[in-house]
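S.K.: Take this sequence and fold it.
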Amino acid sequence: MDLSTTYLGLQLKNPIVPSASPMSRSVGNVKLMEDYGASAVVMYSIFEEQIRHETKELYHHLTYHAESYAEATSYFPEPHEYHTGPDEYLEHIRKLKQSVGIPIIGSINGVTDGGWVDYAKKIEQAGADALELNVYYIPTDPNMSSDDIEQTYFDIVKDVRNQVKIPIAVKLSPFFTSIPNVAKRLDNMGVHGLVLFNRFYQPDINLDTLNIEPGVILSTSDALRLPLRWIAILHKKVKADLAATTGVHSAEDVLKLVMAGANVTMMCSALLRYGPRKIREVLTGVQQWMVEHEYSSLNDMRGSMSHQSVADPSSFERANYMKALQTYM
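M.R.: Take a look at the predicted model:
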């Protein structure tokens, strides 16, 4: 039974890739995920704010007494000339590369272009096999247009592409006016993969303390339909590999996404709920289904239910919306 797939130029033994989460903070956890069948792991994200903070802190300590000696100021580089970042993150990559045999994908969560993108080069030098860019941006300025927001993505991708040679994936938001257009433009920029979709964790109001509180609500399989629809639409319309994340909890979820056109299916919430052994359970289910339905490889089914392959493409469009509302009882 051939479960192999390719993602970001990497040859993977199966489509299950744990996505960026606290699970990857421990070398032991990553080894367990490998033992239970994970074909690669996306590391937890390092945030732009963390990188910027360390840069500013270093600059502060180096220049703290510089104003006392006017001639001394010329010896100190400007802040943008420091290419520093959390050393622990880089060291963790090195430890993982020494401890496991599966590819390690670094993850940077950023929102602006700037000197912090130099850190991508450090991730490459630490041994990461690829890099995922997680652009998490909530537009609150009514004067900012959709073009401005999209340009933020393109600027970050361009800056990072200039820093590294390893493959790059971009984790997209589901809220663009035209997801296919953004995907195509990123594809034209040389992005190797698109991850659908970023989950925007919504704040809540605590009625006792009257404070705004963050909260993490783990996904269920119901969340699968959003990435499934857009992966099916984008399949064969872009050269970049397609990764599905959000709602991957069962063998059925994996099979549906591969049929839609996904190269890999990323798991997070299911692993946080049940632990790494969930990977083996899902892979076993995938194999059993393939045997029962006489599929010998994932490539045989990939994209078979995509927008361009199904008999009625409108089922992914407005017609399905109308039918769903009119037939619901």
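
S.K.: Any idea which helix or strand in this structure has the lowest mean pLDDT?
M.R.: For the chain, using mean pLDDT, DSSP states H and E, the weakest element among its helices and strands is helix 48-63, scoring a mean of 55.

S.K.: Strands of this protein, residue ranges please.
M.R.: With DSSP state E, the ranges of strands along the chain come out as 5-7, 10-12, 16-18, 41-42, 46-47, 104-110, 130-135, 168-172, 193-196, 204-206, 211-213, 241-245, 264-267.

S.K.: Same list, these, but as a markdown table with distance to S314, mean neighbour count and mean pLDDT please.
M.R.: Placement of C-beta: from N, CA and C, glycine included. Conversion of the strands of the chain to a markdown table gives the following (distance: least, C-beta to C-beta, whole Å; neighbours: other C-beta atoms under 10 Å; pLDDT from 0 to 100):
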| stretch | distance to S314 | mean neighbour count | mean pLDDT |
| --- | --- | --- | --- |
| strand 5-7 | 29 | 20 | 97 |
| strand 10-12 | 33 | 17 | 97 |
| strand 16-18 | 32 | 28 | 98 |
| strand 41-42 | 34 | 27 | 98 |
| strand 46-47 | 41 | 22 | 88 |
| strand 104-110 | 36 | 26 | 93 |
| strand 130-135 | 31 | 24 | 93 |
| strand 168-172 | 24 | 25 | 96 |
| strand 193-196 | 21 | 25 | 97 |
| strand 204-206 | 38 | 10 | 88 |
| strand 211-213 | 42 | 9 | 87 |
| strand 241-245 | 21 | 27 | 97 |
| strand 264-267 | 26 | 29 | 98 |
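
S.K.: V135 bridge partners, please.
M.R.: G110 (DSSP bridges).

S.K.: so it makes contact with F175?
M.R.: No - here V135 does not reach F175: they are 11.9 Å apart, not a contact under C-beta atoms under 8 Å.

S.K.: All the helices of the protein, residue numbers only.
M.R.: 27-35, 48-63, 87-99, 119-126, 146-161, 179-188, 225-234, 251-260, 269-274, 277-292, 318-327 (DSSP state H).

S.K.: Out of these, the one nearest F197 is which?
M.R.: Comparison of the helices of the chain against F197 by C-beta to C-beta identifies helix 225-234 as nearest, at 5.6 Å.

S.K.: Please enumerate residues in contact with that closest one?
M.R.: The set of residues external to helix 225-234 that reach it, using C-beta atoms under 8 Å, 6 or more residues apart in numbering, is 174, 179-180, 183, 194, 196-197, 242, 244-247, 256-257, 260-262, 305-307, 316.

S.K.: Now list the buried members of those.
M.R.: With burial judged by 16 or more other C-beta atoms under 10 Å, the buried subset of the contacts of helix 225-234 is 179, 183, 194, 196-197, 242, 244-247, 256-257, 260-262, 305-307, 316.

S.K.: for V170, what are its contacts?
M.R.: Counting by C-beta under 8 Å, 6+ apart, V170 makes contact with 132-133, 135, 153, 157, 186, 191, 193-195.

S.K.: just for the stretch 201-329 of the chain, where's the confidence low?
M.R.: 311, 315-326, 328-329 (pLDDT under 70).

S.K.: ok, 80 please
M.R.: 201-202, 214-216, 308-329 (pLDDT under 80).

S.K.: how far away is the most centrally placed residue in the chain from C268?
M.R.: Note on the chain: the residue nearest the mean C-alpha position is K171, at 4.4 Å, using C-alpha atoms, centre = their mean. According to C-beta to C-beta, to the nearest Å, K171 stands 12 Å off from C268.
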